[in-house]
Every structure is written in C-alpha cells, then in structure tokens.
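K.L.:
build the 3D model from these lines:
(3 chains)
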Amino acid sequence: MGRSPCCEKAHTNKGAWTREEDERLVAHVRAHGEGCWRSLPSAAGLLRCGKSCRLRWINYLRPDLKRGNFSRDEDELIVKLHSLLGNKWSLIAARLPGRTDNEIKNYWNTHIRRKLLGRGIDPVTHRPLTDAATGAAAAGRHLLPLQHPQSERSGDGVQLRQQLPGPQG
DNA sequence: AATGTGCGCAACCGCTAAATG
DNA sequence: ACATTTAGCGGTTGCGCACAT
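P.N.:
Below is the predicted model:
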C-alpha cells in the first residue's frame, strides 16, 4: 500500500519550539537539505511531526527570511497581488522574497485588512464598501466569500503571472 | 499596582492534489 | 485503477505582550 505513516502519533511534542529543537532542525537541514520531511524528525533527533518541522523551517528558521516590518512597497505590493490573486498566500509570498505565506497572511489579517476597512474599501473585493456592507463589516459579521475567478485552486493563477510584477530584488 | 482588553505572532488543524505501492 | 500517504496550503486558535482603565 501507499507510503508509510507521516510520523509517529505518540511521543511528538507540540507547542512552542525550544532553542535546542531549532538548532537540531537547522543543523539537519543545512547538512541534508529540505528533503523528506517525513523522515526528518527521527533523523534529526526531534520528537516532532514532519509537518511541524517543515512549518518551523519555512516560517521561522530559513536563513533567507527578512523578518521585521514590512516596507511601504511591500505593503502596496501585497494589496495589489491580493486584488489579483485573492487569498493565495503562497503565490503572494512567492513575489515577496524573504517573506513567508504565513507572515503575509498574518500581516494581511492584522494590518492591511483593517487599513482597507478604515478607508472604506472591502478587503475581499478591493472595491468601495456599500453602506450595507459597511454596516456588516463594522458589526464584524462575515461578508459573503467572494471567489476571484482567476484564483480558483485548479487554475492556480498561472495565467495571471503575465500581468503580475516580477519578484522584488 | 492590579486587572482587563486588544493585538500580533507562532503554531496547529483540516483539507486537497500529487505521489506512491 | 484504487487505496493510502505525503506535502503543501489556507483558516483558525492560543499564548504572550503592551497598553488602557
């Protein structure tokens, strides 16, 4: 049958990573590369799920991460890309070197989304909010999810790449 | 100074497409 | 062709900190 299980269900740590765990993960990836996440935990001596290791590496430990505040250019680029791609954070992150999809997603939800709402712009459609929608947004209710036709999962925004700006730097 | 509240970030959860036997 | 697992993605949650009361 298929592959062997992803990770041992028992004896896996959860929650915040310790410094020692980080060091083990970094050392292992440096030595062996970002290969098979499934076998990485045992090979690196970590009591973590491979999925957790991958997330930790991509979002926090990768050496090419910028970290720190988003520049105004990055801010504007995220808004522009989001208007074209919708919540395709990985695609947006691919256009922002040194930034991760998780980081951009967090930044969007905590900063940009609020900023757009403050300007009376719907963060989903990037269009001016109607009075009714404004009321709903102000009340913190769920707006109807609006699919960006170009950003359907199947299409993956491939066609869009022609109209998108190139990677920064 | 103590308590309450909101925000930001890291990590987890659940799902899907792709890969594998 | 099918069943099963992996890798990756997006949504959500929970903790810790800063600020307000």
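
K.L.:
lowest-confidence helix or strand of chain A?
P.N.:
Lowest by mean pLDDT, DSSP states H and E among the helices and strands of chain A is helix A:131-138, with a mean of 45.

K.L.:
just the buried residues of the one helix or strand A:Ala31 maps to, please?
P.N.:
Using DSSP states H and E, A:Ala31 maps to helix A:19-32. Within helix A:19-32, the residues that qualify as buried by neighbour count (16 or more other CB atoms under 10 Å) are A:Glu21, A:Arg24, A:Leu25, A:Val26, A:His28, A:Val29. Every residue, glycine included, has its C-beta placed from N, CA and C.

K.L.:
phi and psi next, for the residue nearest to the second one when sequence neighbours are not counted.
P.N.:
The shortest distance from A:Arg24 to any residue that is not its chain neighbour, by CB to CB, 6 or more residues apart in numbering, is 5.0 Å, and that residue is A:Ala44. Backbone torsions for A:Ala44, taken as degrees, to the nearest 10, come to phi -90, psi 0.

K.L.:
correct me, but A:Ala44 touches A:Ala27?
P.N.:
Yes - using CB atoms under 8 Å, A:Ala44 is in contact with A:Ala27, at 7.4 Å.

K.L.:
so what does whichever strand or helix holds A:Ile104 touch, helix or strand wise?
P.N.:
Here A:Ile104, judged by DSSP H and E, is contained in helix A:101-107. When contacts are defined as 3 or more CB pairs under 8 Å, 6 or more residues apart in numbering; DSSP states H and E, helix A:101-107 packs onto helix A:89-94.

K.L.:
other residues contacting the helix it packs on?
P.N.:
A:78, A:81-82, A:85, A:99-105, A:108, A:156-157, A:167 (CB atoms under 8 Å, 6 or more residues apart in numbering).

K.L.:
how is chain A carved up into domains?
P.N.:
For chain A, automatic domain parsing gives the domain ranges A:1-63, A:72-162.

K.L.:
looking at those domains, which has the lowest confidence?
P.N.:
Ranked on mean pLDDT, the bottom entry among the domains of chain A is domain A:72-162, at a mean of 71.

K.L.:
contacts only, for A:Val127.
P.N.:
Val isn't right for residue A:127; it's Arg. Contacts for A:Arg127 (CB under 8 Å, 6+ apart) come out as A:Ile121.
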